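Visitor: Generate coordinates for the sequence data below:
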Amino acid sequence: MPTQTRYPQTAENLKRIADNAANAAAKYRGSDEKIDIMAVTKTVDPDKINFAIECGITLLGENRVQEYLSKKDSYDKRGQVQFIGHLQTNKVKYIINDVTMIQSVDSLKLAGEINRLAEKNGRVMDILLEVNIGGEETKSGVDKDQLFVLAEQAAELKNLRLKGLMAIPPVGCGEEVFEQMRELFEALKSKKLANADISVLSMGMSGDYETAIKHGSTLVRIGSALFGARDYTKKQ
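Guide: This is a model prediction of the structure:
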């Protein structure tokens, strides 16, 4: 723990989230299953993010390329950055050497560009396929009926490593939607695709992470419950 509590509410929030996640895992999951807590950093000041890292957070989730570029040099290097927002192909080049995973791959076009730039930069990029599990027109993500086609195509790209799935279930949806994601995840794992290590189900945010853990999530993405309500008046 940090020696000086600069953000006592953030420290308190993180303890509560970690306790809730551990309790949900103990109630619904195997004792050996690890649940990762990711801090979602959209609109959050780097100093507060670094404080969360001092408190034990190891994963940071970035939503916007431009915002990330303006903040990345201020981050504590102990934080591992993953990209979780909608990603345009023409912006992949700005993050290819800085992030450890891209969670929001939803098309072969995007997968191909990530693969091309990963090869150019001499690395293999871990990815998740984002599923539009609620079929919402306002959200990105591959339709669940097209998921396995995309997974097989992505698995053929040598500079990608398919690690699993990501989803944002609709607000207020029933638990059956979370269970559908678990079923898709298990079905993908059973395919044993080349260039794949299916081990990550990124599902659950501030309002539903305990439900997500109940239904198989291995990584929950927490923003407002950790850092407080977002200030959308800040320049991005």
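Visitor: Show me the shaky parts of the chain.
Guide: 1-4, 231-236 (pLDDT under 70).
Visitor: what ranges do the strands span in it?
Guide: Assigned by DSSP state E, the strands in the chain fall at 36-40, 59-62, 80-83, 101-105, 125-131, 160-167, 196-203, 219-222.
Visitor: Ala118 is nearest to which of these?
Guide: Closest to Ala118 of the strands of the chain is strand 125-131 (Cβ to Cβ; 4.4 Å). Glycine gets a C-beta too; all of them are placed from N, C-alpha and C.
Visitor: same for the closest one, what does it pack against?
Guide: The helices and strands touching strand 125-131, judged by 3 or more Cβ pairs under 8 Å, 6 or more residues apart in numbering; DSSP states H and E, are strand 101-105, helix 108-120, helix 147-155, strand 160-167.
Visitor: Surely Ala11 touches Ile57?
Guide: No - using Cβ atoms under 8 Å, Ala11 is not in contact with Ile57, being 10.9 Å away.
Visitor: Show me which of these two is the more surrounded one.
Guide: The neighbour comparison of Ala11 against Ile57 (other Cβ atoms under 10 Å) goes to Ile57, with 25 against 18.
Visitor: ok now do the more buried one, which residues does it touch?
Guide: For Ile57, the contacting residues are Leu14, Ile37, Met38, Ala39, Gly79, by Cβ atoms under 8 Å, 6 or more residues apart in numbering.
Visitor: Which of the residues you listed sits closest to Ala24?
Guide: Ile37 (11.7 Å).
Visitor: give me the beta-bridge partners of the closest one?
Guide: For Ile37, the beta-bridge partners under DSSP bridges are Val220.
Visitor: gap between it and Asp45?
Guide: 19 Å (Cβ to Cβ, to the nearest Å).
Visitor: Of these two, which one has the most company?
Guide: Legend: neighbour count by other Cβ under 10 Å for Ile37 and Asp45, higher for Ile37 (20 against 15).
Visitor: wait, doesn't that one sit right on Ala22?
Guide: No - using Cβ under 8 Å, Ile37 is not in contact with Ala22; the gap is 10.0 Å.
Visitor: Run through the residues that contact the nearest residue to Gln153 once chain neighbours are set aside.
Guide: In this structure, Gln153 finds its nearest non-sequential neighbour in Leu108, 5.1 Å apart by Cβ to Cβ, 6 or more residues apart in numbering. Going by Cβ under 8 Å, 6+ apart, Leu108 touches Leu150, Gln153, Ala154.
Visitor: tally of neighbours for Leu117?
Guide: Leu117 has 19 nearby residues by other Cβ under 10 Å.
Visitor: related to what we said a few turns ago, would you reformat the strands of the chain as JSON lines and include distance to Met181?
Guide: Shown next, in JSON lines, are the strands of the chain (distance: least, Cβ to Cβ, whole Å):
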{"stretch": "strand 36-40", "distance to Met181": "16"}
{"stretch": "strand 59-62", "distance to Met181": "18"}
{"stretch": "strand 80-83", "distance to Met181": "18"}
{"stretch": "strand 101-105", "distance to Met181": "14"}
{"stretch": "strand 125-131", "distance to Met181": "7"}
{"stretch": "strand 160-167", "distance to Met181": "5"}
{"stretch": "strand 196-203", "distance to Met181": "6"}
{"stretch": "strand 219-222", "distance to Met181": "12"}
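Visitor: Thanks a lot, see you next time.
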